[in-house]
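J.: quick check, what structure comes out for this input:
(one chain, ligands or ions: 1)
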Amino acid sequence: MHIDVISTSSYAHGHPWEQYAWLRANAPVFWHEEPEGPGFWVISKYDDIKMISRQPRLFSSAAKGVMMPETDEAGLAAQRLMMLNMDPPQHDRFKLLVSRGFTPRNAQLLGDRIATLSAEIIDDIIERGECDFVHDIAGRLPSALIAELMGIPRADGERLYELTELMHTTDDSVASPEQRGMAVVEMLTYAQQVAVDKRAHPGDDIASSLIQASVDGDALTDSEFQWFFLLLVNAGGDTTRNLLAAGLQALFDHPDERARLIADLDSLLPTAVEEMLRYTTPVINFRRTAMADTVIRGTAIAAGDKLMVFYGSANRDEDVFVDPDRFDVGRNPNPHMAFGGGGPHLCLGMHVARLEIKAMFRELLTRLTGLGSGGPPQPFASNFIAGVNSMPIVFTPAKPLAQV
Ligand code: HEM
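T.: I've put the predicted structure just below:
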C-alpha cells in the first residue's frame with residue numbers, strides 16, 4: 001500500500017482509514033519520508049500512543065513543538081509559551097495555575113449556560129428551514145462559549161473565532177502569511193486588554209480566575225495569560241465545530257443508529273457523544289521528539305527522531321475496540337483517544353467540549369424535525385484537523401422557543 005499521511009489529498013475524504021489499517025497490521029512503527037522535513041515515525045497503534053503520551057520526558061512536546069511542519073527556533077520559542085508545547089516541569093507549573101478553571105465541577109456550572117447558548121443558536125435559524133450547519137450552528141457555539149468563559153461580549157467572541165479561522169487556513173488565497181501573523185497580533189492584543197479589564201473589574205469568569213490565580217505566590221504573567229488565551233480560543237474552536245459536523249454526518253450515514261438514539265435520547269446521548277468522538281476524531285495527529293535512544297515494538301528510535309501519533313488510527317485499533325469501523329451509539333466501554341493519549345497534555349477542555357456536544361445534539365435531535373442533508377458537505381483537506389468547511393442541512397421550519 002502506498003503510504004502518504006502528509007499530502008492533503010490523502011485527507012480529501014476525511015482520515016485515510018485504509019492507510020491506518022495497513023500500518024497497524026503491517027508496520028505499526030513506520031518510517032515516513034518528508035519532502036520538507038527530516039522524516040518521521042508514524043505511530044498507529046493505541047498502546048504505543050498511550051505509552052508515548054505518558055512519558056513526556058522521553059517524548060518531548062517542547063523540543064520541536066507538536067505540529068507536523070518544521071518550525072525555526074524563533075517560531076519554537078513563541079510556541080513554547082503555550083502549554084501544549086511545554087514539557088515538565090514548566091508544564092506542571094502551568095497546569096497547576098490554569099486547571100482550577102477547568103474542573104468537571106466548573107464545567108457542570110457552565111452546563112446551563114451552554115444549554116441556553118445552544119437553544120439560542122437554534123432559535124436563530126429554526127424559522128428558515130435550511131442553513132449551513134458549519135457556519136450557522138457548529139461554528140457559533142464555540143465562539144459563544146469562549147465569550148462566556150472569558151466574560152467578554154458575544155460579538156468579540158465571534159471576531160476571535162474569525163481570527164482563528166485566519167490563523168488555521170493553509171490556503172494563501174484566503175489569508176496571506178502576513179494576514180495570518182496580523183491575526184495572531186490582534187488576538188494577543190485583545191487578550192492583553194482582557195487582562196487589564198479583569199484585573200480592574202474581576203467577574204465570575206475563567207479569565208478573572210486565571211488572572212488572579214496564584215499557587216504559593218506564583219501567578220501567570222501577562223504574556224503567559226495572552227498565549228494561554230490564544231491557545232484556548234484555538235484549541236476549543238475548530239475541534240468542537242468539526243466534531244459537531246462530523247457527528248451529525250455520522251448520524252445521517254447511519255439512520256438505524258440515529259433512530260436508536262432518538263428513541264432513547266436520555267440514556268444513549270452520553271455514549272453517542274463518546275462514539276462520535278472516537279469515530280470522527282477531530283484532531284488527526286500531534287508530534288513528539290525522542291529525547292534519548294529507545295525501542296518501540298522492536299524498532300530502534302534514535303535520540304532526536306520525530307514521531308507523529310495518529311489518534312484516528314488508535315481509535316480504530318482492533319486490539320482495543322470490537323468491530324472498530326462500526327458506528328455504535330451505545331458503545332461501552334469506549335476508551336477513545338480523541339482528547340489525546342493520556343498523560344499531562346490530555347485535553348484540558350474535554351469536560352466543556354462534552355457539555356457543548358451534548359447540549360447541541362439535544363437541540364438538534366429534539367427541535368429540528370425533518371432534519372436531513374441539504375447537499376454534499378465540503379471537506380477541508382488538512383493533515384491536522386479533520387473537518388468540513390460547509391454542510392447544508394434542511395428541516396421543517398418552526399417557531400423559536402420565545403414564540404412557542
Ligand atoms: C471536540 C473537541 C476537542 C477535541 C477533539 C480536543 C482534542 C485535544 C487533543 C487531542 C489535545 C492534545 C492532547 C495530548 O497531547 O495528549 C488537546 C489539548 C488541549 N485542549 Fe482540547 N480538544 C477539544 C476541545 C477543547 C476545548 C473546548 C478547549 C477549551 C475550552 C480545549 C483546550 C485544550 C487545551 C488548553 C489543550 C492543551 C493541554 C495541555 O497541553 O496540557 N480543547 N485537545
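
J.: residue nearest the centroid of this protein?
T.: By CA atoms, centre = their mean, the chain has its centre lying nearest to residue 239, at 3.0 Å.

J.: return the residues of the stretch 1-150 of the chain in contact with the ligand.
T.: By the rule CB under 6 Å from any ligand atom, the part of the stretch 1-150 of the chain lying against the ligand is 53, 83, 84, 95. In this view, the C-beta of every residue, glycine as well, is placed from N, C-alpha and C.

J.: burial of the residue lying closest to the third one once chain neighbours are set aside, as a residue count?
T.: Right, the one you point to is residue 84. Nearest residue to residue 84, sequence neighbours excluded (CB to CB, 6 or more residues apart in numbering): residue 66, at 5.8 Å. Residue 66: 19 surrounding residues under other CB atoms under 10 Å.

J.: next, residue 66: secondary structure please.
T.: Secondary structure, DSSP: H, G, I helix; E, B strand; the rest coil: residue 66 is coil.

J.: that one: what's it in contact with?
T.: By CB atoms under 8 Å, 6 or more residues apart in numbering, the contact list for residue 66 reads 84, 85, 286, 287, 288.

J.: then residue 198?
T.: Counted by CB under 8 Å, 6+ apart, residue 198 has contacts 151, 205, 207, 208, 211.

J.: ok, which stretches of the chain are helices?
T.: Under the criterion DSSP state H, the chain contains helices at 17-26, 46-53, 73-79, 90-98, 104-125, 140-150, 154-168, 177-200, 206-212, 222-253, 255-263, 265-280, 311-314, 350-367.

J.: so which of the contacts of residue 66 is the closest to residue 172?
T.: Residue 172 has its nearest neighbour among the contacts of residue 66 in residue 287, at 23.4 Å by CB to CB.

J.: and the pLDDT for the residue lying closest to that closest one once chain neighbours are set aside?
T.: Take residue 287 and drop its neighbours on the chain: the residue closest to it by CB to CB, 6+ apart is residue 66, 5.0 Å away. In this model, residue 66 is scored at 98, pLDDT.

J.: circling back to that earlier point, present the contacts of residue 66 as CSV; the columns should include pLDDT and neighbour count.
T.: CSV is the format used below for those (pLDDT from 0 to 100; neighbours: other CB atoms under 10 Å):
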residue, pLDDT, neighbour count
84, 97, 20
85, 97, 26
286, 98, 23
287, 98, 21
288, 98, 28
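
J.: quick check, nearest of these to the ligand?
T.: Among these, residue 84 lies closest to the ligand (CB to the nearest ligand atom), at 4.1 Å.

J.: OK, contacts around that closest one?
T.: Per CB under 8 Å, 6+ apart, neighbours of residue 84: 61, 66, 231, 235, 345.

J.: determine which two of the residues you listed are furthest apart.
T.: Within the contacts of residue 84, 61 and 235 form the most distant pair, 13.7 Å apart (CB to CB).

J.: more neighbours: which of these two?
T.: Neighbour tally, residue 61 and residue 235, criterion other CB under 10 Å: the higher count belongs to residue 61, 26 against 20.

J.: and the closest residue to the more buried one other than its chain neighbours, how close does it get to residue 291?
T.: Spatial nearest neighbour of residue 61, excluding adjacent residues (CB to CB, 6+ apart): residue 85 at 5.5 Å. According to CB to CB, to the nearest Å, residue 85 and residue 291 sit 15 Å apart.

J.: which residue does this protein bring closest to the ligand?
T.: Scanning the chain for proximity to the ligand using CB to the nearest ligand atom identifies residue 349 as nearest, at 2.0 Å.

J.: what number of residues lie near that residue?
T.: Neighbours of residue 349 (other CB under 10 Å): 20.

J.: doesn't residue 46 make contact with residue 319?
T.: Yes - between residue 319 and residue 46 there is a contact under CB atoms under 8 Å: 6.7 Å.

J.: these two: who's more crowded?
T.: Using other CB under 10 Å as the criterion, residue 319 and residue 46 rank with residue 46 on top: 25 against 9.

J.: residue contacts, that one?
T.: If a contact means CB under 8 Å, 6+ apart, then residue 46 has 314, 315, 317, 319, 320, 337 as its contacts.

J.: distance between the ends of stretch 393-400?
T.: Chord length of stretch 393-400, first to last residue, is 18 Å (CA to CA, to the nearest Å).

J.: over to stretch 3-15?
T.: From its first residue to its last, stretch 3-15 covers 13 Å (CA to CA).

J.: within the sheet, what are the partner strands of the worst-scoring helix or strand of the chain on mean pLDDT, with directions?
T.: Least confident helix or strand of the chain, by mean pLDDT, DSSP states H and E, is strand 214-215 with a mean of 74. Looking at strand 214-215 with DSSP bridges, its partner strands are strand 218-219 (antiparallel).

J.: ok, residues contacting the strand it pairs with?
T.: Here strand 218-219 has contacts from 93, 97, 212, 213, using CB under 8 Å, 6+ apart.
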